[in-house]
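Trainee: here you go, sequence then predicted model.
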Amino acid sequence: MSEAIVQNPQVPAVVARSGVVKRLAKNPLAILALLLLAGTVVASFLAPVLATHDPNFGDLQAVLAGPSAEHILGTDSLGRDVFSRLLFASQVTLAAAALAAVVAIAIGVPAGLLAGYHGGWFDGSANWVTNMLMSLPGIIVLLAVRAATGPSVWISMLVFGVLLAPSFYRLTRTAVKSVRNELYVDAARVSGLSDTRIMSRHIFSVVRAPIIIQTANVAGVAIAIQSGLEFLGLGDPLVPTWGVMLSDAFRNVYLTPLLLVWPALAIAITTVCLAILGNALRDSLEDGQKVPRVRKPRLEASAPAPSAVTTDTATNAVSDHLLVVDGLRIGYPQAGGTMKTVVDGVSLHVDRGEVLGIVGESGSGKSQTAFAILGLLPDTAEILGGGITIGSTRTVTPGSRQVSQARIAALRGKGIAYIPQEPMSNLDPAFTIGYQLVRPMVKVLGISKAEARRRALELLVTVGIVNPQRTFDAYPHEISGGMAQRVLIAGAVSCEPDLLIADEPTTALDVTVQAEVLDLLRDLQKRLGMGMIIVTHNFGVVSDICDRVVVMKDGTLAEGGDVRTILRAPQHDYTRQLLASTLEGKLPMSMLTTGTKA
Amino acid sequence: MLIFLLRRLVAGILLLFVISTITYVLLYFSSDGIAQNILGEFATPEQIALKQAELGLDQPLPVRYFEWLGGAITGDFGRSWFNSEPVVTALFNRLPVTLTIVLGALVIAAVLAALLGVAAAIKRGWIDRAVQLLSLAGDALPSFVVAIVLVTSLAIQAKIFPATGFVPFSDNPALWLMSIALPITALVFQLVAQAAQQFRSAIIDVRRRDFVRTLRSRGLPEREVVFKHVLRSAAPAALTILSLQFVGLLGGSVIIEQIFALPGVGPLAVLSTTQGDIPVVMGVVVYTVIMVILVNLVVDLVNGWLNPKVRVS
């Protein structure tokens, strides 16, 4: 059965917002579900009026009759009118499901409030009881209850309500825990409001919406399990319910299969509608939460690519540059159909054996440019214009919306490689370091596993790891951040790429380790003769390692040129500001003489 | 990891004890008419009193309970009050059928959920919406309603599959497959829904992680990145959902077995509860809880294998 809903309350704990109803009204499926449910409830209330026959009166002359004017949906095995029974059955079925939901709420919500708000011993023991209840198979328990108390849909739904209580308990507890320490609750506490007032005023408003959603889910589960029990023939045969009708129909499935349709439809429609409604409610709540989070889009008219400052001009002709980026523009579509441009007409080039720095503050588009070159932009990003050429391969041709994955994939590893910023999050925690080094070499270079293994160990020595075998066998969580960054560098250069892109390679490291890693990068770059791009916000790094530098601001190039020129005589105000902020921070003026380490 | 597993095992045994105690106490209060049930309407009060003494029904609750517990610990769950078959024998005869459909459904659902989740998370678009809608329906529809639809359409009307009965694998593998196909389908339909959803959101989440981008930059083929790395990090959450759903699956199988007239534990459970056959009811309850504990342990082990961090702690 679908008790799993109970065990996995995925309902988000969110604050109800006034727009929820409005958004819900825009969902046609939800409206249909709501109408069908409302229709079922109304029909069940009007059962005495609408029914054409006594639901329990059997006309033994007309057993298992097909639909007729007298009996709209025919009769069952005892000659009872199916239509009338269906109406009265919905009364009992819905009321019993409601009973289960009410019991579950009555136990689960207060317990959750208490456990979430006060914690302590109550929290502990309630959790234990919850875990126990959740590992009980509902049907088996209800079978046992039935053995003990006899067939009664009310008693079994009462017990089932207790079994369902954990879902409300968990939901409420989580929601309350998350709000409990919010500032406004603190403020209320300081201002002397009693706990009861705080709970009812601030906290209940938070859990209200999730509880409604969960109620829809729980009601569906209750109907399912109740009909299941009755279908087994364990219900009270004198009380018409959908499950009892289904059971009767199934016994005569060879004679009149049509009889199955009505109760089965009633159960299916009600449970699915409840699920759709719960889902739609959750979606509309989540949407409501997302809207204010969307960053304000920098509106952008679809003007032609503006000519930013381009010291690095690149002609369209195939040049002997290793990398040419020409008028690159990247944007992200926003809700509402606008486009937020994050890179706007960037042109640059890198030659073999040369180190280019891309400098700028966060949000300047420098990482986006790097990811575009690597072909690793998020799915939502769009190329709005410009081109990228790596060696002789055009990975972005003017007019294409995406980086050509087929072309860039062939280059990765050997043609172009990447060193990320954050060492720990860039290693797959589920695989050993060794595996993550060996596998790409096998794939890209087509060498044997043993050969790749030998090279990987060598590489680990090269990047300065003292005990390569131990690191090779280790999982990422077993090594330090500095070591992880060395491993990532080893991985990046393992296939001896022509172009290496390092995105803030030292930012996440300790100051002492930073200098070592920069040294290592420079050594490797010299030894392998790679072209290299270092993305950074730190002019110290730039002066230390770069030949040329471009400065980015708000998605455009502010200026660019030879490192010494830029550092000594920055033309652009923004570059001066950046320099000033770096200098004030930590670096001595000696950095202006290239070659000394930061 | 070993300590972790041991702790889970101890918690499981504690759970088993608590649940069996509660069930036994509940059943105690309903044991009045049982002697009458066994002997039939025309039994004299003397005969009934004799039968009650024979079954130990005249003893107070603690005496009866500890007698049962003493037996249960040594693996002796007594005999059925109605046909004197030892409870353990009855369960073991029926276990293969139930385990076949339940574990079969679990494995198929896990594989299917992973594939659907990958398709929905990576292709998005209409595949995503179709999977979402399917999960919604599969989750909400009771599995016995699905089973009824399957039986009436594919077995009774179209006569492709047998409507009832079970053929042991050793008798005829082809017929065996036919006899379990519909029951498993009905269970899978329900089971796959939440796991597919879980896979989908976990994959979407994992695909955004830094290490996936880095693996891609190394030149690994996209297929390998998704099926080896992304799926592996996404799997534990979905497997946990599946293990939780297993509890519901055991309940659902009771009804499914009844519909398809499979000689599994389900019909035994139904029959014994309607008759008030306490030793058998207790046996079924204990078996169910043990199954739940075992599956949870296995999922813990698999998750430990998938995630080396868990293995250490």
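Mentor: It's in.
Trainee: okay, now the domains of chain B?
Mentor: B:2-73, B:96-263 (automatic domain parsing).
Trainee: what about the first one, start to end distance?
Mentor: If I follow you right, that is domain B:2-73. End-to-end distance for domain B:2-73: 24 Å, by C-alpha to C-alpha, to the nearest Å.
Trainee: pick out the shakiest of the domains of chain B, pLDDT-wise.
Mentor: Among those, domain B:2-73 carries the lowest mean pLDDT, at a mean of 81.
Trainee: would you mind measuring from A:Leu427 to A:Leu488?
Mentor: 7 Å (C-beta to C-beta, to the nearest Å). Quick note: C-beta positions are derived from backbone N, CA and C, even for glycine.
Trainee: shared neighbours of these two, anything?
Mentor: B:Thr214 (C-beta atoms under 8 Å, 6 or more residues apart in numbering or on different chains).
Trainee: contacting residues around A:Val102?
Mentor: A:Gly161.
Trainee: actually B:Leu26, not the one I typed
Mentor: A:Ala144, A:Val145, A:Ala148.
Trainee: helix or strand: which one has the residue in chain A sticking out farthest from the centre?
Mentor: Outermost residue of chain A with respect to the C-alpha centroid, by C-alpha atoms, centre = their mean, is A:Gln61; its distance is 61.5 Å. Using DSSP states H and E, A:Gln61 falls within no helix or strand.
Trainee: name the SS class of the closest residue to it other than its chain neighbours, please.
Mentor: Once flanking residues are discounted, A:Gln61 sits nearest to A:Gly79: 6.8 Å by C-beta to C-beta, 6 or more residues apart in numbering or on different chains. Classification of A:Gly79 by DSSP: H, G, I helix; E, B strand; the rest coil places it in coil.
Trainee: A:Gly79 against A:Asn56, yeah?
Mentor: No: A:Gly79 is not in contact with A:Asn56 according to C-beta atoms under 8 Å; the separation is 11.0 Å.
Trainee: more neighbours: which of those two?
Mentor: A:Gly79 (17 against 14; other C-beta atoms under 10 Å in any protein chain shown).
Trainee: would you list every one of the strands in chain A?
Mentor: A:323-333, A:339-350, A:355-359, A:382-390, A:393-396, A:416-419, A:499-503, A:531-536, A:548-553, A:556-562 (DSSP state E).
Trainee: pipe these into CSV and attach mean neighbour count per row.
Mentor: Output for those, formatted as CSV (neighbours: other C-beta atoms under 10 Å in any protein chain shown):
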stretch, mean neighbour count
strand A:323-333, 22
strand A:339-350, 23
strand A:355-359, 26
strand A:382-390, 21
strand A:393-396, 21
strand A:416-419, 28
strand A:499-503, 24
strand A:531-536, 26
strand A:548-553, 26
strand A:556-562, 20
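Trainee: any idea which of the ones you listed gets closest to chain B?
Mentor: Shortest separation from chain B across the strands of chain A is recorded for strand A:416-419, at 3.8 Å, computed as C-beta to the nearest C-beta.
Trainee: what about the closest one, near chain B?
Mentor: Yes: for strand A:416-419, a contact with chain B is found by C-beta under 8 Å from any C-beta of the partner chain, at A:Ile416, A:Ala417, A:Tyr418.
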